[in-house]
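J.: Let me see the structure of the following:
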Amino acid sequence: MIDRPTILLIAPTHYDVSYSINPWMDPQAWSRDPRGMYRQAVASFESLRYALEASGFAVEVAQGAPGQPDMVFPANAAVVLDGKAVLARFRYPQRRGEEAPFAAIFDTLHARGLIDSVAMLPEGCYQEGAGDCIWDAQRGHFWAGFGPRSSREAAAAMSRHFDRDVVALELATEQSYHLDVCFCPLAGGEILYYPPAFTAAALQALHARVPVAQRIEATEDDLRHFSVNAVNLQDQVVMTRTTPHLRDELGRRGYRLREVDLAPYMMSGGGAYCMTLRLDRTSAPVRRAVAA
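T.: As a prediction, the model looks like this:
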């Protein structure tokens, strides 16, 4: 099992924006200058890798598969906790081709001792990885999004597999098609989230578990910048180039931001969190890392 913060990235060798399965995807914009956009995507990937390493992560880079451009978003590949991985099952046919190559990547990680076990969900139970099942280290449970992509029953399946509580949150808009687009637990116990992305019942469940002082409400502008889709390690936050509102709010709470230009990936509906998968998450209690 891994003993240091470790992130999986997928090289953008086969990345493009050639179809649309969420409101952010813009294949027409990509097609106007595919070579230029690809060069920007490679540069953005390297900038993200540098920011992650500077924040304290070890970075594992795996190769994607031809014809599977969205493999650059490995947050959707699996849920990993305590060395156990549960592989995703994708709802849309455009992404189902990722399942076999991601399984091969996890077999390699297992063979190298970076993952202890790899499991599959039952067929017909859609669950799109850590993008829709986010571990909250401070509270010791998962938050699971459902609706646009993942099934409601996937939350119960994850709870059984990991023997951990899972709080299911129904997503109310196609813009926030995965939970990670609109929801981010932080090391100090705060939750950064965009309230209009959730149903009334989901907001009630969230508010019952997170006190007002620990709720950071993102704006529509924050969402549009993919700033909620962030990677946090202690006081470090890696995210897309963000808004003055969120830069000030997070800075006031003691977080240090590393902003990266991820525009080529935002064109496909992804930000910093989407492009990463933590391999070292543990259910062991953690101390509060940042003062609120």
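
J.: wait, Leu257 sits on Thr242?
T.: Yes: taking contacts as C-beta atoms under 8 Å, Leu257 lies within contact range of Thr242: 6.8 Å. To be clear about C-beta, it is placed using only N, CA and C from the backbone, and glycine gets the same treatment.

J.: Neighbour count: the two, which is higher?
T.: Counting neighbours by other C-beta atoms under 10 Å for Leu257 and for Thr242 shows that Thr242 has the greater number, 23 against 19.

J.: Chain neighbours aside, what residue packs nearest to Ile2?
T.: Leaving aside its chain neighbours, Ile2 sits nearest to Asp280 (4.1 Å; criterion: C-beta to C-beta, 6 or more residues apart in numbering).

J.: Would you map the strands across the stretch 101-250 of the chain?
T.: Along the stretch 101-250 of the chain, counting by DSSP state E, counting those that start in this stretch, strands occupy 117-120, 133-136, 141-146, 166-170, 183-185, 191-193, 215-217, 231-233, 236-240.

J.: tell me what the second one is packed against?
T.: Secondary structure elements in contact with strand 133-136, counted by 3 or more C-beta pairs under 8 Å, 6 or more residues apart in numbering; DSSP states H and E, are strand 141-146, helix 152-162, strand 183-185.

J.: Neighbouring strands of that strand in the sheet, and parallel or not?
T.: Strand pairing for strand 133-136, using DSSP bridges, gives strand 141-146 (antiparallel).

J.: And the fourth one, by the same measure?
T.: Taking DSSP bridges as the criterion, strand 166-170 sits next to strand 141-146 (parallel) in its sheet.

J.: so where does the spatially closest residue to Arg241 that is not a sequence neighbour fall, helix or strand?
T.: The shortest distance from Arg241 to any non-neighbouring residue, by C-beta to C-beta, 6+ apart, is to Glu259 (4.8 Å). Per DSSP states H and E, Glu259 falls inside strand 256-260.

J.: Using neighbour counts, pick out the buried residues of that strand.
T.: By 16 or more other C-beta atoms under 10 Å, the buried positions in strand 256-260 come out as 257-260.

J.: which residues touch the residue nearest to Arg241?
T.: 239-242 (C-beta atoms under 8 Å, 6 or more residues apart in numbering).

J.: Separate out the buried members of the residues you listed.
T.: Of the contacts of Glu259, these count as buried by 16+ other C-beta under 10 Å: 239-240, 242.

J.: quick one, phi psi at Gln138?
T.: Per-residue torsions, Gln138: phi -70, psi -30 (degrees, to the nearest 10).

J.: mind checking which of the strands of the stretch 101-250 of the chain is nearest Ala156?
T.: When those are compared by C-beta to C-beta, strand 166-170 sits nearest Ala156, at 7.3 Å.

J.: Wait, Phe162 touches Asp82, no?
T.: Yes: using C-beta under 8 Å, Phe162 makes contact with Asp82 at a distance of 7.4 Å.

J.: Overlap in contacts, the two.
T.: With C-beta under 8 Å, 6+ apart, Phe162 and Asp82 have common neighbours Ser283.

J.: These two: who's more crowded?
T.: Shown here are Phe162 and Asp82; by other C-beta under 10 Å, Phe162 has more neighbours (20 against 15).

J.: dump the residue contacts of that one.
T.: Applying C-beta under 8 Å, 6+ apart, we find Phe162 in contact with 79, 81-82, 84, 86, 142, 283.

J.: can you redo those residues as JSON lines with secondary structure, distance to Gly269 and pLDDT?
T.: Formatted as JSON lines, these follow (DSSP: H, G, I helix; E, B strand; the rest coil; distance: C-beta to C-beta, whole Å; pLDDT from 0 to 100):
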{"residue": "Val79", "secondary structure": "strand", "distance to Gly269": "20", "pLDDT": "98"}
{"residue": "Leu81", "secondary structure": "strand", "distance to Gly269": "25", "pLDDT": "98"}
{"residue": "Asp82", "secondary structure": "coil", "distance to Gly269": "30", "pLDDT": "97"}
{"residue": "Lys84", "secondary structure": "strand", "distance to Gly269": "28", "pLDDT": "97"}
{"residue": "Val86", "secondary structure": "strand", "distance to Gly269": "23", "pLDDT": "98"}
{"residue": "Phe142", "secondary structure": "strand", "distance to Gly269": "22", "pLDDT": "98"}
{"residue": "Ser283", "secondary structure": "coil", "distance to Gly269": "30", "pLDDT": "94"}
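
J.: Out of those, give me the one that has the most neighbours.
T.: Val79 (29 neighbours).
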